[in-house]
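Asker: okay, here's the prediction I keep looking at, along with the sequence it came from:
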Amino acid sequence: MNSGVPHTHESPSRDSLPASWTPFFRAGAKTFRVALLLFGSLSTLLFSSSALGATASVGLGTAASFSVLGGSTVTNTGPTTMFGDLGLSPGSSVTGAPHVLGQTHVDDAVAIGAKNDLTTAYIDAASRPTNGSAGTDLAGQTFSPGVRTASSSLLLSSGSVTLDAQGDPNAVFIFQIGSTLTTGSSTSVLLVNGAQACNVFWQVGSSATLGTGTRFVGTVMALATITANTAATIHGRLLAQTGAVNLDTNTITTSSCASSVSGSGGGTETTTPTEAATLAEAIAAGEVKGSGGKAVTTPLPPIGSRTTGKHRRSHRRRHARRRKATRHVSPRPALPHSPGAFTG
């Protein structure tokens, strides 16, 4: 029986609000769910964009196994050692008998295939969108991962340039150079915070020249000629498309990782302990070469193995006297009133 009092209904959430408010809360919940979905999609998109924004490695294909790959000729002076393969195509002249620990391929099917893969890798590196300028002189600069461009020549005049992987071992560094790459004597490329030589690429529009005693890192892909002067050490590759590769008492390690062939990125560098030791010896020898560039003196031993002569002997004697004095001093007994003393 209707008593004239309007009926109200409990909302499903039991908040004692009129039933007429329920559509409002349902609409609000629907709006919240849509906003949450959009936020999740936006986060996923931003994360994917960040992941896609990471620079991919340059795939070298069959050229990855070569320490040196030339176009017209390969020349050598002095005791050069390369841990990877030596290749030449379409030229046929290799002079100076460099010490090749890998295979030698002169204008054969393997060399031709490697040159084709080098051309593909060169075009890939040259076409990457840039992340900024490399300037004209690398000296004293530090670069984060990415692609850096020099519209004409690029110089490392003195000191060093630092490549900082910022803790990412897959970080890739690509330098696009319009014409020549030149390093001064005794300059160096430094890798820090997980950077790997196998992920460093120098795409050179004409020729590259590495100065006497340079410690260079990465794969050099030059359109024309590459010259490594006396005692320059290369942790990477020297790959010339059309010109010669000229060597002089150099050490070239292979600098390979999982991405060297495919360019997919990732993997740990596979430089062997023997390669690392030989490279270290070559660097030490290069540091003590005279200005003439030919006379080599005996490298200094590592800091940990050096002695300090008279001062070291004096330190030993003081230490021995201190131990002897300590041996004859009786320990002080605990006083009865001291905290924690034994009182019997």
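Answerer: Good, I have the coordinates.

Asker: where does the closest residue to H99 other than its chain neighbours fall, phi/psi-wise?
Answerer: Using Cβ to Cβ, 6 or more residues apart in numbering and skipping residues adjacent in sequence, the residue nearest H99 is T81, 4.6 Å away. Quick note: C-beta positions are derived from backbone N, CA and C, even for glycine. Dihedral pair for T81: phi -120, psi 130, per degrees, to the nearest 10.

Asker: T81: neighbour count?
Answerer: Applying other Cβ atoms under 10 Å, we find 20 residues neighbouring T81.

Asker: from what I can see it touches V68, true?
Answerer: No. Contact status for T81 versus V68: not in contact, 11.1 Å apart, counting by Cβ atoms under 8 Å.

Asker: now do the shared contacts for the two.
Answerer: 98, 252 (Cβ atoms under 8 Å, 6 or more residues apart in numbering).

Asker: what are the bridge partners for the residue nearest to H99, then?
Answerer: Using DSSP bridges, the bridge partners assigned to T81 are H99, T251.

Asker: that one and I234, how far apart?
Answerer: 11 Å (Cβ to Cβ, to the nearest Å).

Asker: now do the shared contacts for those two.
Answerer: What both T81 and I234 touch, as defined by Cβ under 8 Å, 6+ apart, is the set 250-252.

Asker: adding distance to F173, neighbour count and pLDDT, write those out as CSV.
Answerer: CSV is the format used below for the shared contacts of T81 and I234 (distance: Cβ to Cβ, whole Å; neighbours: other Cβ atoms under 10 Å; pLDDT from 0 to 100):
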residue, distance to F173, neighbour count, pLDDT
N250, 22, 29, 98
T251, 22, 26, 97
I252, 19, 30, 97
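
Asker: could you dump those into TSV with distance to S93 added?
Answerer: Converted to TSV, those look like this (distance: Cβ to Cβ, whole Å):
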residue	distance to S93
N250	18
T251	23
I252	19
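
Asker: of those residues, closest to L239?
Answerer: The closest of the shared contacts of T81 and I234 to L239 turns out to be I252 (Cβ to Cβ; 11.1 Å).

Asker: which ones are touching L210?
Answerer: Taking Cβ under 8 Å, 6+ apart as the test, what L210 contacts is 183, 216, 226-229, 232, 234.

Asker: same question, A228
Answerer: 210, 214, 216, 234, 238, 245-248, 250, 252.

Asker: and what of G132?
Answerer: Contacts for G132 (Cβ under 8 Å, 6+ apart) come out as 146, 148-149.

Asker: what segments of the stretch 51-200 of the chain are helices?
Answerer: 109-127 (DSSP state H, counting those that start in this stretch).

Asker: and the closest residue to A125 other than its chain neighbours, its phi and psi?
Answerer: Leaving aside its chain neighbours, A125 sits nearest to Q203 (4.0 Å; criterion: Cβ to Cβ, 6+ apart). Dihedral angles of Q203 (phi, psi; degrees, to the nearest 10) stand at phi -90, psi 110.

Asker: that's all I had, so thanks and see you.
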